[in-house]
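Student: Just the structure for this:
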Amino acid sequence: MERTGRKFVSQIEPLALKWLSLIEFSDEESNSTKLRAQAIRLSNSGYTINQISQICLSTPKTVSKWICEWEKYQFDSLIDKPRPGRPPLISGERHYELVDIVKKNPKQLKSAIAEIEELFGKKISVKTLKRIIKKKLRWCRGRKSLKSKRNENDFREAQKEIEILKDEAKANVIDLYYVDESGFTGVPEIPYAWQDEDEQLLLPSGKTPRINVLGFLNKQNDFFPCVFDCPVTSDIVVACFDAFSSHITKRTIVVLDNAPIHHSAIFKAQIGKWEERGLFLYFIPKYSPELNLIEILWKHIKYFWLSTSAYKGFEFLKAELDNILANVGKEFTISFS
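Tutor: Okay, the predicted model is just below:
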């Protein structure tokens, strides 16, 4: 359905959609904030302004205003505006102090509230504090980082070199691909899912055969996967690189990590042959996974594209995974910045 003018919101990324849904069904947000989040989500799904106004019991003019404000301000447009004449609990110029207090203990707002109330001598609710800090902070999962282990000089140098390779690829001088291996099992990796209010969604979790995938991906979503159900060995990795090197049509650079298997004698013995075919390897520094864009693909598959039904059994997992891998760049795409 065409998205023009004020009729629909611009297409929303999956992660942002997840946050909209969390806001819509939150017990801590105001009804008006949840209503605006619902309207934006419905618009993204293709509902017309008139349909949304009927569902949300609001006028079409109001819904149109919500859509316009979302296009300009995104999540800030969902926050309730201060009412005229109502003095703020804590003045705007001191909001940075609240943010600093929360950042000291980002997991527990209650401890932050105690410190804020002692500092300002005023009572503040969790809801009010969230409304203030959302302008500067975002609620997300903490992630393990390898930054402390890597050599920052090597990392920055690799960043510069990869940017040069990206420019050459953009100019059609080379093809630039990213390669990595990932495994998939029957253990669910789904952080959130919709479920009935009075029921808990229970996903089967047990040992299943592991499906290993070695993939080559570029920023245009051209994808070359190798799938196997046995342990990853040097011989298998070499076979995958052999197949890919026979597939290329111009000078191609492959970005890869420093996994031991990529430095095995069997693997290194084939590099000369691949270079004769026009395939060259670029090794990123150790502990630098963010330089390998295919990591984003594995995250999308595990957290967004595999459905809950994939975990009913191994045959379901394999069928869904095969469908996704076959349709990367078609039904399943990633917008790289």
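Student: could you list every residue that touches residue 227?
Tutor: 211, 212, 213, 321, 322, 325 (Cβ atoms under 8 Å, 6 or more residues apart in numbering). Quick note: C-beta positions are derived from backbone N, CA and C, even for glycine.
Student: ok, for the last one, nearest residue in space, not its chain neighbours?
Tutor: When the adjacent residues along the chain are set aside, residue 325 lies closest to residue 225, with 4.7 Å between them (Cβ to Cβ, 6 or more residues apart in numbering).
Student: how about that neighbour, what does it touch?
Tutor: Taking Cβ under 8 Å, 6+ apart, one finds 213, 214, 215, 216, 325, 328 in contact with residue 225.
Student: Repeat that for residue 305.
Tutor: 324, 332.
Student: Can you give me the distance of it to residue 12?
Tutor: Distance, residue 305 to residue 12, using Cβ to Cβ, to the nearest Å: 16 Å.
Student: hang on, residue 97 packs against residue 119?
Tutor: Yes. Using Cβ atoms under 8 Å, residue 97 is in contact with residue 119, at 7.3 Å.
Student: what kind of secondary structure is residue 58 in?
Tutor: coil (DSSP: H, G, I helix; E, B strand; the rest coil).
Student: what do you get for residue 247?
Tutor: coil.
Student: Quick one: classify the nearest residue to it once chain neighbours are set aside as helix, strand or coil.
Tutor: Leaving aside its chain neighbours, residue 247 sits nearest to residue 224 (6.2 Å; criterion: Cβ to Cβ, 6+ apart). When classified by three-state DSSP, residue 224 comes out as strand.
Student: where does the chain have low pLDDT?
Tutor: Applying pLDDT under 70 to the chain picks out residues 1-6, 82-93, 105-108, 135-147, 189-207, 337.
Student: longest strand of it?
Tutor: With secondary structure taken from DSSP state E, the chain has its longest strand at strand 175-184.
Student: Buried residues, the top helix by length along the chain. List them.
Tutor: Secondary structure of the chain read by DSSP state H shows that its longest helix is helix 152-170. For helix 152-170, the neighbour count (16 or more other Cβ atoms under 10 Å) marks 155, 158, 162, 169 as buried.
Student: what do you get for stretch 118-132?
Tutor: Buried residues in stretch 118-132 (16+ other Cβ under 10 Å): 124, 129, 130, 131, 132.
Student: Return the distance of it from the chain's centre.
Tutor: 31 Å (Cα atoms, centre = their mean, to the nearest Å).
Student: Endpoints of that stretch, how far apart?
Tutor: Stretch 118-132 has its terminal residues 18 Å apart, counting by Cα to Cα, to the nearest Å.
Student: Identify the residue nearest residue 43 in space, chain neighbours excluded?
Tutor: Computed as Cβ to Cβ, 6+ apart, the closest residue to residue 43 that is not its neighbour in sequence is residue 9, at 4.6 Å.
Student: how far away is residue 309 from residue 317?
Tutor: 9 Å.
Student: typo on my end, it should be residue 132
Tutor: Relative to residue 317, and taking Cβ to Cβ, residue 132 is found at 43 Å.
Student: In this structure residue 243 contacts residue 236, no?
Tutor: No. Using Cβ under 8 Å, residue 243 is not in contact with residue 236; the gap is 10.8 Å.
Student: shared neighbours of those two, which are they?
Tutor: Common neighbours of residue 243 and residue 236 (Cβ under 8 Å, 6+ apart) are residue 226.
Student: Mind checking which of these two has more residues around it?
Tutor: Set residue 243 next to residue 236 and count neighbours by other Cβ atoms under 10 Å: residue 236 wins out with 17 against 13.
Student: what about the more buried one, is that helix, strand or coil?
Tutor: Residue 236 is classified as helix under three-state DSSP.
Student: Excluding sequence neighbours, find me the nearest residue to it.
Tutor: Nearest to residue 236 is residue 228, by Cβ to Cβ, 6+ apart, at 6.1 Å.
Student: for residue 246, same thing?
Tutor: In space, and not counting its chain neighbours, residue 246 is closest to residue 277: 7.1 Å by Cβ to Cβ, 6+ apart.
Student: Go ahead and confirm the one you found touches residue 244.
Tutor: No. Between residue 277 and residue 244 there is no contact under Cβ under 8 Å: 9.6 Å.
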